[in-house]
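*Asks:* Have a look at this prediction, sequence included:
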Amino acid sequence: MLLNAFFEIIIFAGIVLLLKKPLVGIALVLLGTALFVLIRRGRKAAPERAEPTGSKTYRIARINSCEQELMAFAEEREEYEYSPETIVEKGLADDEIFRYRFPRFGELAEDPGNEHDKNAVMVLMNGECIGFIPAEDAVEVRRILETKRVVETILDIDGGPFKRFDSDTGEITVDTAPFHGEVSIVFEL
């Protein structure tokens, strides 16, 4: 930071001297600019060390009791409209193809006012509670949150209407499954 200021002063002095002593002014501007660029390049060239990370995955509890909040973020999956031929072509035969997809990133927040569990941790999607970390894992998750080293919170949610193409019979069945999900917490070690 101090070096940047020094180079800026050299460049500024060169600009001021351009009118009175053009050669000296040009030389100072070029010198200041060259030094500034070289120092900045040197900083960028230094390899950035990626912090080692770990992750833990937890089930999202009580997600079905927050279905209305969850559905506010649902987006239709293109795959749900695939024809039987396309389902086979894409390798999705015999898979449950859910109608909706949900955002992949979320947040976790302590819920100190929770009357059922004083250690409760909410799973949030765009700021809305869509479930909780199970009580048996809440203390562990709170410890992770307290370290302030959480890099990201990844959600994996399925459920609701789905269809399945049976490759043996060639039939499509449509059904509904309860919502279920997991949250993976990626954190710095």
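*Replies:* Done, it's in. Residues are numbered from 1 along each chain as shown.
*Asks:* Show the model's pLDDT score for the residue lying farthest from the centre of the chain.
*Replies:* Distance to the chain centre peaks in the chain at Lys20, reaching 56.0 Å (criterion: CA atoms, centre = their mean). As predicted, Lys20 sits at a pLDDT of 73.
*Asks:* looking at this, Asp158 is in a helix?
*Replies:* No - secondary structure of Asp158 (DSSP: H, G, I helix; E, B strand; the rest coil): strand, not part of a helix.
*Asks:* Just list whatever residues bridge to it.
*Replies:* Judged by DSSP bridges, the bridge partners of Asp158 are His180.
*Asks:* Compute the number of surrounding residues for the nearest residue to Glu67 once chain neighbours are set aside.
*Replies:* Nearest residue to Glu67, sequence neighbours excluded (CB to CB, 6 or more residues apart in numbering): Phe179, at 6.3 Å. Just so you know, the C-beta spots here come from the backbone N, C-alpha and C atoms, and that holds for glycine as well. Using other CB atoms under 10 Å, Phe179 has 22 neighbouring residues.
*Asks:* Also Ala109?
*Replies:* Close neighbours of Ala109, defined as other CB under 10 Å, add up to 14.
*Asks:* Could you list the domains of this protein?
*Replies:* Using automatic domain parsing, the domain ranges for the chain come out as 2-45, 53-188.
*Asks:* so how far is the last one from its chain's centroid?
*Replies:* Put simply, domain 53-188 sits 14 Å off its chain's centre (CA atoms, centre = their mean, to the nearest Å).
*Asks:* weakest of the domains of the chain in terms of mean pLDDT?
*Replies:* domain 2-45 (a mean of 59).
*Asks:* What are the contacting residues of stretch 80-95?
*Replies:* Residues outside stretch 80-95 that contact it (CB atoms under 8 Å, 6 or more residues apart in numbering) are Glu79, Ile97, Phe98, Arg99, Lys163, Arg164, Phe165, Asp166, Ser167, Gly170, Ile172.
*Asks:* mind redoing it with 7 Å?
*Replies:* The contact list for stretch 80-95 (CB atoms under 7 Å, 6 or more residues apart in numbering) reads Glu79, Ile97, Arg99, Lys163, Arg164, Phe165, Asp166, Ser167, Gly170, Ile172.
*Asks:* tally of neighbours for the last one?
*Replies:* Pointing back at Ile172 there. Neighbour tally, Ile172, other CB under 10 Å: 14.
*Asks:* Please consider this matter closed, and thank you.
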